[in-house]
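**Q** just the structure for this:
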Amino acid sequence: GASFVYDRTLVEVASSIEKIEVLAFGRLVQDLFSWNLNVAVPDSTELGSYLNTKSGSKTMSLIASILQKDQSKRPTFSEIKETLATIPEFESFSAVAGSI
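**A** Predicted structure coming up:
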């Protein structure tokens, strides 16, 4: 596991650590897509043409942004959450999770 607790008051350090954590999250998403959906997700956005052939979905665009090689271009977890809220498939998951 890559996750750990860090001091968010050290803004520069916290931002860098969060970007690393976002990449670790992206790797988890890759594995989940592969293991459960039999969908291969490329290791980086260099394979942009692959991502574009996958219906240009918001989900694949989000995954591409999470897997950016350039750490400064990766979204924060707050940005990921905001993006997920705009994807209809995730709205239904939120409704189900809220009823549990």
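
**Q** which helices and strands sit right next to the helix or strand hosting residue 61?
**A** Per DSSP states H and E, residue 61 falls inside helix 58-66. Contacts defined by 3 or more C-beta pairs under 8 Å, 6 or more residues apart in numbering; DSSP states H and E place helix 58-66 against helix 11-37, helix 48-53, helix 77-85. All C-beta atoms are positioned from the backbone trio N, CA, C, and that covers glycine.

**Q** flag whichever of these has the least confidence on average.
**A** Among those, helix 48-53 carries the lowest mean pLDDT, at a mean of 48.

**Q** from residue 32, how far off is residue 71?
**A** 22 Å (C-beta to C-beta, to the nearest Å).

**Q** with residue 89 instead?
**A** Counting by C-beta to C-beta - residue 89 and residue 32 are separated by 14 Å.

**Q** check residue 16 too.
**A** To residue 32, residue 16 is 25 Å away according to C-beta to C-beta.

**Q** and residue 67, by the same measure?
**A** Using C-beta to C-beta, residue 67 is found at 14 Å from residue 32.

**Q** more neighbours, these two?
**A** residue 67 (23 against 12; other C-beta atoms under 10 Å).
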